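> coordinates only, sequence not included:
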């Protein structure tokens, strides 16, 4: 009878404690802030998952672990904070790896050891552990399949390459893209396309001659659907999100589709970085290490896929909604010289401004 009573009491205690008491990382404490350029709906998913995984870790930004900003905006913020020697965050999850190279060189990063990264990751990482890829954005073209004939009647052929997008004069006034001065992924795409081993700086002259419109993704998508644009340069995830939300609402759309350019896509692996202890806001390296490892867990990678981005895992066969095989994209990747993007960020931005926005 005493044994039975003890068992019942033990079960009651277990139920009272709740599942969070058995969280793998319930011993991770303190406060944490992450600068991130992920879309807000992805941040919301990540926030919820982190709060469940780390029940005793305090979100350091008004109830969230994340401070959101476009990569270029965050870079400007980080530069300002570097003047004081202390950043307003403990970790970063931004859109392009050039910043990782820069902050490592400046001594602002803490190395984190991940077990067997060669076996885990299909994208490059820092051999010393200063940064690892977590999510992969994909720069593509997009068009409206319902208006192909209408455009053909105007003498416009929907471009199947990045080259044609900038250099087919029939597209003059009918193309749109983001702003590399505010978008890290657009900056990465521009940096790639103007490399000497791709199209060189003359690519920008083609965009200018074709009177490319510089707009947000949502505005560009609307113009595709209304027939104001024939093609846009945009992140694949932006298109997939619209398609999925329409399908979920019971109103699938057929006037929007990705083009995976024949001359290659531009894959942008977004890196996670832990700020060095003497430069971080909350001086909480143990928590950063735990979160960084969690971001490279299967659970976190599933959330990346739900965010319409590609997983960094070698063994991950799943792809984002309505996307294509990740390994196939890797074979088509034009690649970005991240060292060049870091060392020449200012000159690339100046070239863009002088050639495209002041045309």
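Good, I have the coordinates. If you're wondering where the values come from, they're calculated on a predicted model, not measured in any experiment. Numbering: from 1, shown residues only.
> quick one: terminal-to-terminal distance for stretch 195-210?
For stretch 195-210, the first-to-last residue distance is 20 Å (Cα to Cα, to the nearest Å).
> Show me which positions of it end up buried.
Residues 195, 198-199, 203-204, 206-210 are the ones in stretch 195-210 that count as buried (16 or more other Cβ atoms under 10 Å). All C-beta spots, glycine's among them, are computed from the backbone N, C-alpha and C.
> If we only consider those, which is nearest to residue 288?
Comparing the buried residues of stretch 195-210 against residue 288 with Cβ to Cβ places residue 195 closest, at 33.4 Å.
> Distance of that closest one relative to residue 214?
Distance, residue 195 to residue 214, using Cβ to Cβ, to the nearest Å: 21 Å.
> same check, this time on residue 103
28 Å.
> Also residue 259?
Relative to residue 214, residue 259 is positioned 20 Å away (Cβ to Cβ).
> which of the two has more neighbours?
Neighbours were counted for residue 259 and for residue 214 using other Cβ atoms under 10 Å; residue 259 has more, 21 against 18.
> Surely residue 81 touches residue 75?
No: using Cβ atoms under 8 Å, residue 81 is not in contact with residue 75, being 10.8 Å away.
> what ranges do the strands span in the stretch 1-150 of the chain?
30-32, 34-36, 57-59, 66-68, 91-94, 109-110, 132-143 (DSSP state E, counting those that start in this stretch).
> Check the stretch 251-359 of the chain too.
Using DSSP E, counting those that start in this stretch, the strands of the stretch 251-359 of the chain run over 257-259, 266-275, 310-311.
> nearest to residue 162, of these?
Closest approach to residue 162 among the strands of the stretch 251-359 of the chain (Cβ to Cβ): strand 266-275, 8.2 Å.
> Strand partners (parallel or antiparallel) of the closest one?
Using DSSP bridges, strand 266-275 pairs in its sheet with strand 91-94 (antiparallel), strand 109-110 (antiparallel), strand 132-143 (antiparallel).
> Check those for me and report the most buried one.
strand 91-94 (a mean of 26; mean count of other Cβ atoms under 10 Å).
> Residue 131 touches residue 104, doesn't it?
Yes: using Cβ under 8 Å, residue 131 is in contact with residue 104, at 7.0 Å.
> between those two, who's got more neighbours?
residue 131 (26 against 18).
> ok, that one to residue 36 distance?
Distance, residue 131 to residue 36, by Cβ to Cβ: 14 Å.
> contacting residues around residue 89?
Listed by Cβ atoms under 8 Å, 6 or more residues apart in numbering, the contact partners of residue 89 are 33-35, 67, 275, 280-281.
> So the chain: which segments form each domain?
Here the domain assignment for the chain is 2-134+270-319, 138-267+335-357, based on automatic domain parsing.
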